[in-house]
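> return a 3D structure for these sequence lines:
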Amino acid sequence: MFTKEQKKVYVQDLQNKLEKASLVVLTDYKGLDVEKISDLRSKLYERYGEDSNYIVTKNTLFRIALRNAGYEEEEWGEYLSGTIGALIITEDDCVEAIKILADFNKKNKLPVIKAGYLEGRFFDESKIDEYSKLPTKKELVAQVVGGIAAPITGFVYTLNGIITKFLYALNAIKDHKE
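Now for the predicted structure:
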């Protein structure tokens, strides 16, 4: 058990993470053994390093940290009752973290996703599947670059075709004069 001072330090640390977070997902980890939790943590760490955490926490401590970090407590109310929850916090590409969590959930049927905040907007478990289908930041950048490059590539091929036809015409004239 924590002493009062340890709880204060823990809540302050959790509050700092919540204030920096782009994504916060509350889950019910009941039924996940240590090996599976470690597997999920390693998948998140592999992608995000220190910017992502899967934290097993008490609902009361999480509620205090949420309140102190400025989150709307009313939205979380029903999701913070019952068993101890677990939470993912990340500061980077949120969609990829949601995809990792959704894939893990599909394979293991756990953890049960309750609710979350994405870029300051509250969502419930029904949105996870929708969010997991969004393109990641890398995919969006690739699409934008591809969209910009496609007309330029087309223009280059068109110019190349014109120059090639011009050279064929010059060769034909040269052959005709010989």
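> outline the domain layout of the protein.
Domain segmentation of the chain under automatic domain parsing yields 4-134, 135-178.
> average pLDDT across the last one?
By that I understand domain 135-178. Here domain 135-178 scores 79 as its mean pLDDT.
> and the domains of the chain, which one averages the lowest pLDDT?
domain 135-178 (a mean of 79).
> which ones are touching residue 105?
111, 113, 128 (C-beta atoms under 8 Å, 6 or more residues apart in numbering). The C-beta positions use only the backbone N, C-alpha and C, and glycine is treated the same way.
> so which of the residues you listed wins on neighbours?
residue 111 (24 neighbours; other C-beta atoms under 10 Å).
> hey, where'd the helices end up in the protein?
In the chain, the helices defined using DSSP state H lie at 4-20, 34-48, 59-69, 73-76, 94-108, 126-132, 137-177.
> the third one to helix 4-20, inter-axis angle?
Here helix 59-69 runs at 50 degrees with respect to helix 4-20, directions being taken by axes from the mean of the first three to the mean of the last three C-alpha atoms, to 10 degrees.
> got TSV for the helices of the chain, with distance to residue 88 too?
Output for the helices of the chain, formatted as TSV (distance: least, C-beta to C-beta, whole Å):
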stretch	distance to residue 88
helix 4-20	11
helix 34-48	7
helix 59-69	12
helix 73-76	15
helix 94-108	6
helix 126-132	11
helix 137-177	17
